[in-house]
Each structure stands twice: as structure tokens, then as C-alpha cells.
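1. Fold the following for me, if possible:
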Amino acid sequence: MRDHREEQINKFVLNALLQAKAVARCEHHGDVLLHNGDDGAEKQALFLASDWVNRDGNIGDVMLQEIREAIVSILDGAAKVGCPECASKTDS
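-> So this is what the prediction gives:
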């Protein structure tokens, strides 16, 4: 089970990735993230998440490395070429 701090970091990072448009949710499958591969958007998300985390008093000091690891983890889990759920429906 993940601890509260890790959950908070992942929440900030996911919101930053979405706001920076480094990822998007599939319009048909809201739990599926689509990675657009835009390095500039990923850097913007890093800056956004770092700023938000540093201003939030609920999780204390967060190392930049933890934010980077969360970004990598979320991007690694995001679909690279379209939504696999949508693709599986068109294949059947």
C-alpha cells in the first residue's frame, strides 16, 4: 500500500501532466492516459508539479527526484499510440 505522501505526489504530478498536455485521458475511457511524447510539455509538467508541491503544506518537503520518478512512472504507464481499449473494440 502506498503511503499518503506518495499518493499526494502522484496526484500533483498527474494533474501537472494533464494541465501541461503531456498526457490526455481517452475521451471514451477516462482511466486510460495517452502520452503525446512532447518533451516541452513534460518539462512544463515538472515545473508545475514542483511549484505546487513546494506550496502545499500537507506533504512537507519533497525532493525533485521523487517528482521526476512519479512523472516517469505515469508516462511509462500511459499508452503511446492510441487507446488500447478503443483499439481492442475495433479489432473485434
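
2. Do I have it right that Ala49 meets Lys11?
-> No. Applying Cβ atoms under 8 Å as the test, Ala49 and Lys11 come out as separate, 9.6 Å apart. Every C-beta, even on glycine, is put in place using the N, C-alpha and C of the backbone.

3. between these two, who's got more neighbours?
-> When Ala49 and Lys11 are compared for neighbours, Ala49 comes out ahead with 28 against 15, by other Cβ atoms under 10 Å.

4. how about the helices in this protein?
-> Using DSSP state H, the helices found in the chain span residues 4-19, 39-55, 64-77, 84-91.

5. show me what contacts the residue nearest to the spatial centre of the chain?
-> What sits nearest the mean C-alpha location of the chain, by Cα atoms, centre = their mean, is Leu14, with 3.2 Å. By Cβ atoms under 8 Å, 6 or more residues apart in numbering, the contact set of Leu14 is Val23, Ile74.

6. One more pass at 7 Å, please.
-> Leu14 makes contact with Ile74, according to Cβ atoms under 7 Å, 6 or more residues apart in numbering.

7. same thing with Phe12?
-> Counting by Cβ under 7 Å, 6+ apart, Phe12 touches Ala49, Trp52, Val53.

8. now the first one: how far from Phe12?
-> Looking back up the chat, that one is Ala49. 5 Å (Cβ to Cβ, to the nearest Å).
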